[in-house]
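K.L.:
below are the sequence and a predicted model; questions follow.
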Amino acid sequence: MSKAVIHAIFDDEEPMLATASSLHSKGIRIKDVFTPFPVHGLDAAIGLPRTRIAICAFIYGLTGLTLATLMMWYMMIADWPTDIGGKPSFAYYMNVPAFIPISFESTVLCAAHGMAITFYLRCWLLPGAKAKNPDPRTTDDKFMIVIETKEENKNNIESMLKTGGASEIHHK
Amino acid sequence: MQHESEIREPLILGNKTYHQITEDIVRPIEGKASKYWYILLTISVICFLWGIACLAYTIGTGIGVWGSNNGVDWAFDITNFVWWIGIGHAGTLISAVLLLFRQKWRMAINRAAEAMTIFAVMCAAIFVLLHTGRPWLDYWLFPLPNQFGSLWVNFNSPLMWDVFAVSTYFSVSLVFWYTGLVPDFAMIRDRATKPFARKMYSILSFGWGGSARHWSRFEEVSLVLAGLSTPLVFSVHSIVSMDFATSIVPGWHTTIFPPYFVAGAVFSGFAMVLTLLIILRKIYNLENYITIKHIEYMNIVIIVTGSIVGVAYLTELFISWYSGVEYEQYAFLNRATGPYWWAYAAMMTCNVVSPQLFWSKKLRTNLTFTFIMSIIVNIGMWFERFVIIVPTLCRTFLPSTWNMYSPSFVDVGIYTGTIGMFFTFFLLFTRYFPVIAQAELKSILKSSGQEYKEKHAAQGHAAHH
């Protein structure tokens, strides 16, 4: 049984969203949708799980906070305590107000960069990576639904896409 | 689809389609550069080169070539540093704070404003890196293991906080800006006809394709980065102000400094955004995207922040009198009536009096007036930093250290050079990068586009009758 890949192009996001939603509710798996801008409600319509990237950011932030705390404790308290301006560095808790700014900056630094790196790697967006959209018009003003299905369901799905308002249908 | 009240003015004028937005945004990139662009670029590059010459002279000879002296040991360097960092703050405010507040008018201006942030922070960095005197030893600013013991950097010092704050601010702003640019680079790549341009934009766009999963992550990343940048931007100028506030110099040792500096930063930053965008919309015909309404919104931010700055100036004066400390009182009396009274007068006029003119709707929707005002505000904010630094340092506790300050040609040259560098980078940005976040703009076309809003209004009326 061979597989069929259908590329359906829409000229507007509203019929595309309605069609995607109705196909999904009929149990037809939508492989991907390529759009020139984020279409709101599309994630829910095609059953995408919510991204967990914000959780990663939180973990990276905690890591940054820990690293900064350890660094300042080691350098200022443990390794070489110095009496600066009559304010000796006896213990971490005594100096902690002065450490808040850098703890904060380090949290933000690690959370932001960690999340950005995770985003680029998870989407495999790298300098020189091959363009991921099958049709170049989808970054301009076209919307494309990609469906991977069995050969026998092809005609049925195509007719649903056409009645939904697809302007072009291609096979791969 | 989202609906927007009919009362709100449209943010995209004319009868635009998604494709028309694409065409309008890529026109400056695909078309030939105008004569004005070449003229402005030439002037900027000349200033930039002169700045590099003065910079090389400073590094070769030492900072004795500056006007700074034993009494006034911070002068043009720190004035310019604070000025540039402050200008940068508007970009982050527009892209992060306005994103959290769901202000859609940010979408037409955030890209250019963020570019401004990045270039302004680069200019600021030149001054801090140079004012250490031996810039080749600037790696001492970082906590690196060394042969002196290891003797570490002092984490109790606001100057150290500044190193972390400014470098975090720069790198996070850069990532935020670039992530937003990726989908727009992909759009340029997909319609490029010349092989070289196609190759370059293909590298820059990282292979973006606009897949639904990627958009969903992209939006989450934008939101979280905005959430992180918002406290970051407030922390940066607060920490810059603590460079002054934690000292015991009369006139600097005040708790009002952090909020007062942040308000001043946003004030001057918005003024710079206006200066740049009023020119940009004109030479690239972007009047339909950066509308008079956008200009008016920015002018309202200027009234608000300008008034906060005004209140801060008056509070400072009141507190110095009310404290009963004669050194404090003298510091402010000296600023207003001492040898640099003209700088104080310029600051008060430009920052406190002039923005109040924007209460008039006629004036704040007038482009020429706004453009002139934006320059006046930037001059005023430069004088604010000058007034905080120079008149204070030229009259400190010991009369024997009292000194006047006047900048040398090198001081002026490096300052001119950073302005040249800023405009060189900005002009190159407008020529090769999409100056408006077109993907974001397309997502609000149906709710905030003029044609769509009018259609909705007409349908609404028909339904009522």
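P.N.:
In hand now; what should we look at? Numbers count the residues shown, from 1 in each chain, chains lettered A, B, ... in the order given.

K.L.:
which SSE is residue 44 in?
P.N.:
Chain wasn't specified; assuming chain A. Counting by DSSP states H and E, the element that carries residue A:44 is helix A:42-45.

K.L.:
my question was about chain B, not that one.
P.N.:
Going by DSSP H and E, residue B:44 is in helix B:35-61.

K.L.:
for the following helix or strand past that helix, what is the average pLDDT?
P.N.:
Following helix B:35-61 in sequence order, the next helix or strand is helix B:76-92 (DSSP H and E). Mean pLDDT, computed over helix B:76-92, is 92.

K.L.:
can you give me how far the helix or strand encompassing residue B:320 is from the chain middle?
P.N.:
Assigned by DSSP H and E, residue B:320 falls within helix B:292-323. How far helix B:292-323 lies from its chain's middle: 17 Å, per C-alpha atoms, centre = their mean, to the nearest Å.

K.L.:
in the stretch 301-450 of chain B, which spans are helices?
P.N.:
B:326-337, B:341-348, B:361-364, B:367-393, B:409-432, B:438-448, B:450-464 (DSSP state H, counting those that start in this stretch).

K.L.:
and the angle for the longest one with helix B:341-348?
P.N.:
Meaning helix B:367-393. Here helix B:367-393 runs at an angle of 140 degrees relative to helix B:341-348 (axes from the mean of the first three to the mean of the last three C-alpha atoms, to 10 degrees).

K.L.:
any idea of the mean pLDDT for helix B:367-393?
P.N.:
Mean pLDDT, computed over helix B:367-393, is 93.

K.L.:
just stretch B:250-260 next, same as before
P.N.:
For stretch B:250-260, mean pLDDT is 91.

K.L.:
go on, stretch B:188-207?
P.N.:
Mean pLDDT, stretch B:188-207: 90.

K.L.:
pretty sure residue B:90 contacts residue B:276?
P.N.:
No. Assessed by C-beta atoms under 8 Å, residue B:90 is found out of contact with residue B:276, at 10.3 Å. For the C-beta atoms, the positions are set from N, CA and C on the backbone; glycine is no exception.

K.L.:
shared neighbours, these two?
P.N.:
residue B:116 (C-beta atoms under 8 Å, 6 or more residues apart in numbering or on different chains).

K.L.:
for chain B, give me the ranges with low pLDDT.
P.N.:
Along chain B, the parts satisfying pLDDT under 70 run over B:1-3, B:461-465.

K.L.:
just send the helices of the stretch 301-450 of chain B back as a markdown table, with mean neighbour count and distance to chain A too.
P.N.:
Shown next, in a markdown table, are those (neighbours: other C-beta atoms under 10 Å in any protein chain shown; distance: least, C-beta to the nearest C-beta, whole Å):
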| stretch | mean neighbour count | distance to chain A |
| --- | --- | --- |
| helix B:326-337 | 17 | 19 |
| helix B:341-348 | 17 | 28 |
| helix B:361-364 | 13 | 31 |
| helix B:367-393 | 21 | 20 |
| helix B:409-432 | 20 | 16 |
| helix B:438-448 | 23 | 4 |
| helix B:450-464 | 12 | 12 |
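
K.L.:
could you dump the ones you listed into a markdown table and include distance to residue B:187?
P.N.:
Output for the helices of the stretch 301-450 of chain B, formatted as a markdown table (distance: least, C-beta to C-beta, whole Å):
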| stretch | distance to residue B:187 |
| --- | --- |
| helix B:326-337 | 52 |
| helix B:341-348 | 44 |
| helix B:361-364 | 34 |
| helix B:367-393 | 29 |
| helix B:409-432 | 14 |
| helix B:438-448 | 6 |
| helix B:450-464 | 21 |
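
K.L.:
can you say which of those helices is nearest to residue B:157?
P.N.:
In terms of C-beta to C-beta, the element of the helices of the stretch 301-450 of chain B nearest to residue B:157 is helix B:367-393, at 18.4 Å.

K.L.:
does the residue nearest in space to the middle of chain A sit in a helix or strand, and which one?
P.N.:
The residue lying closest to the centre of chain A (C-alpha atoms, centre = their mean) is residue A:119, at 5.5 Å. Element membership for residue A:119 (DSSP H and E) is helix A:92-122.

K.L.:
for that helix, the averaged confidence score.
P.N.:
Averaged across helix A:92-122, the pLDDT comes to 93.

K.L.:
so which elements touch that helix?
P.N.:
Packing partners of helix A:92-122 (3 or more C-beta pairs under 8 Å, 6 or more residues apart in numbering or on different chains; DSSP states H and E): helix A:53-72, helix B:158-191, helix B:212-245.

K.L.:
tell me which of those helices lies nearest to residue B:430.
P.N.:
Across the helices and strands packed on helix A:92-122, closest to residue B:430 is helix B:158-191 (C-beta to C-beta), at 13.3 Å.

K.L.:
ok, how many other residues are close to the closest residue to residue A:30 other than its chain neighbours?
P.N.:
Leaving out its chain neighbours, the residue that sits closest to residue A:30 by C-beta to C-beta, 6 or more residues apart in numbering or on different chains is residue A:46, at 4.5 Å. Residue A:46 is flanked by 20 other residues according to other C-beta atoms under 10 Å in any protein chain shown.

K.L.:
pop out the phi and psi values for residue A:46.
P.N.:
When read as degrees, to the nearest 10, the backbone of residue A:46 gives phi -110, psi 10.

K.L.:
and for the one 3 residues further on?
P.N.:
Recorded main-chain torsions at residue A:49 are phi -70, psi 150, according to degrees, to the nearest 10.

K.L.:
just the pLDDT at it, thanks.
P.N.:
pLDDT for residue A:49: 87.

K.L.:
quick one: contacts of stretch B:52-68?
P.N.:
With contact meaning C-beta under 8 Å, 6+ apart, stretch B:52-68 is reached by B:74-77, B:126, B:130-131, B:133, B:135, B:405-411, B:413-414, B:417.

K.L.:
how about 7 Å then?
P.N.:
B:75-76, B:130, B:133, B:135, B:405-408, B:410-411, B:413-414, B:417 (C-beta atoms under 7 Å, 6 or more residues apart in numbering or on different chains).

K.L.:
thinking again about what came up before, elements contacting the helix holding residue B:320?
P.N.:
helix B:257-283, helix B:326-337, helix B:367-393 (3 or more C-beta pairs under 7 Å, 6 or more residues apart in numbering or on different chains; DSSP states H and E).

K.L.:
dump the ones you listed to CSV, plus distance to residue A:103.
P.N.:
Output for the helices and strands packed on helix B:292-323, formatted as CSV (distance: least, C-beta to C-beta, whole Å):
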stretch, distance to residue A:103
helix B:257-283, 17
helix B:326-337, 32
helix B:367-393, 28
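
K.L.:
so which of these gets nearest residue A:108?
P.N.:
The nearest among those, by C-beta to C-beta, is helix B:257-283 at 16.3 Å.

K.L.:
now do the buried residues in that closest one.
P.N.:
Going by neighbour count (16 or more other C-beta atoms under 10 Å in any protein chain shown), the buried part of helix B:257-283 is B:257-258, B:260-281.

K.L.:
my read: residue B:93 touches residue B:233, true?
P.N.:
Yes. With contact defined as C-beta atoms under 7 Å, residue B:93 reaches residue B:233; the gap is 6.2 Å.

K.L.:
tell me how far residue A:84 lies from residue A:76.
P.N.:
For residue A:84, the distance to residue A:76 equals 9 Å [C-beta to C-beta, to the nearest Å].

K.L.:
so for these two, which sits in the more crowded spot?
P.N.:
When neighbours are counted by other C-beta under 10 Å, residue A:84 and residue A:76 differ, and residue A:76 comes out ahead with 23 against 14.

K.L.:
tell me the SS of the more buried one?
P.N.:
The three-state label given to residue A:76 by DSSP: H, G, I helix; E, B strand; the rest coil is helix.

K.L.:
ok, it - contacts?
P.N.:
A:89, A:95, B:152, B:155.

K.L.:
I appreciate the help and will end here.
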